[in-house]
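> fold the stuff below for me.
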Amino acid sequence: MFQAIPARTLDAPESGPSLLDEERVRDQLSAAEELHYLGHGEPALVAAGAALAGVLRLRAGHLGGDSASGGALLEALHANGALSAQKHEVLCRLLRAHHWLTRGYAPDRDAALVPSETGAVLATMVHMLEPLD
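As a prediction, this is how the structure comes out:
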């Protein structure tokens with residue numbers, strides 16, 4: 001039997017789980033890259049979206065705080081000049097595709113990424129982690 005999860009448990013944790021560390025985010029990126037390489041486009045986008053959430057928390061969490069959405073953190077990075085307009089746009093599309101896929105819907109046409117864009121967005125996220133080394 002399906003048991004519903006109360007919405008309040010899905011919000012940003014107050015004192016609950018800790019943020020993913022860089023190693024675990026890199027593991028998620030590796031999984032997304034492998035799925036992409038094997039031709040599993042939508043599962044690769046789900047894994048890439050989860051990795052992006054980790055990258056954004058690591059790179060921009062200080063700009064937006066623990067409760068900021070991924071979109072808000074992405075906007076903060078763009079506003080601070082850490083992302084070009086082109087990279088910002090494709091990462092926004094990844095966030096939208098991830099949002100729809102994890103809720104059981106096909107991404108809208110504006111969010112769908114072609115395989116070459118998925119590869120590029122994965123490379124962008126790896127690059128975004130480099131300053132943390």
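> rounded mean pLDDT for whatever helix or strand residue 33 lives in, please.
Element membership for residue 33 (DSSP states H and E) is helix 22-37. Averaging pLDDT along helix 22-37 yields 95.
> just checking, next helix/strand downstream of that helix?
helix 41-64.
> and the angle for that following helix with helix 22-37?
Between helix 41-64 and helix 22-37, the angle comes out at 150 degrees (axes from the mean of the first three to the mean of the last three Cα atoms, to 10 degrees).
> helix 41-64 packs against which elements?
helix 22-37, helix 70-79, helix 85-101, helix 115-129 (3 or more Cβ pairs under 8 Å, 6 or more residues apart in numbering; DSSP states H and E). C-betas here are computed from N, CA, C, even on glycine.
> what are the buried residues along that helix?
42-60, 63-64 (16 or more other Cβ atoms under 10 Å).
> how far does that helix sit from the chain's center?
Offset of helix 41-64 from its chain centre (Cα atoms, centre = their mean, to the nearest Å): 2 Å.
> please report how far the closest residue to residue 25 other than its chain neighbours lies from residue 29.
Distances taken as Cβ to Cβ, 6 or more residues apart in numbering put residue 54 closest to residue 25, at 3.6 Å, once the chain neighbours are dropped. Residue 54 sits 9 Å away from residue 29, going by Cβ to Cβ, to the nearest Å.
> how near is the residue most central in space within the chain to residue 74?
Geometric centre of the chain, nearest residue: residue 52, 2.4 Å, by Cα atoms, centre = their mean. Distance from residue 52 to residue 74, counting by Cβ to Cβ: 8 Å.
> and if you look at residue 31?
21 Å.
> do the same with residue 81
13 Å.
> can you check residue 33 too?
Applying Cβ to Cβ to residue 33 and residue 74 gives a distance of 20 Å.
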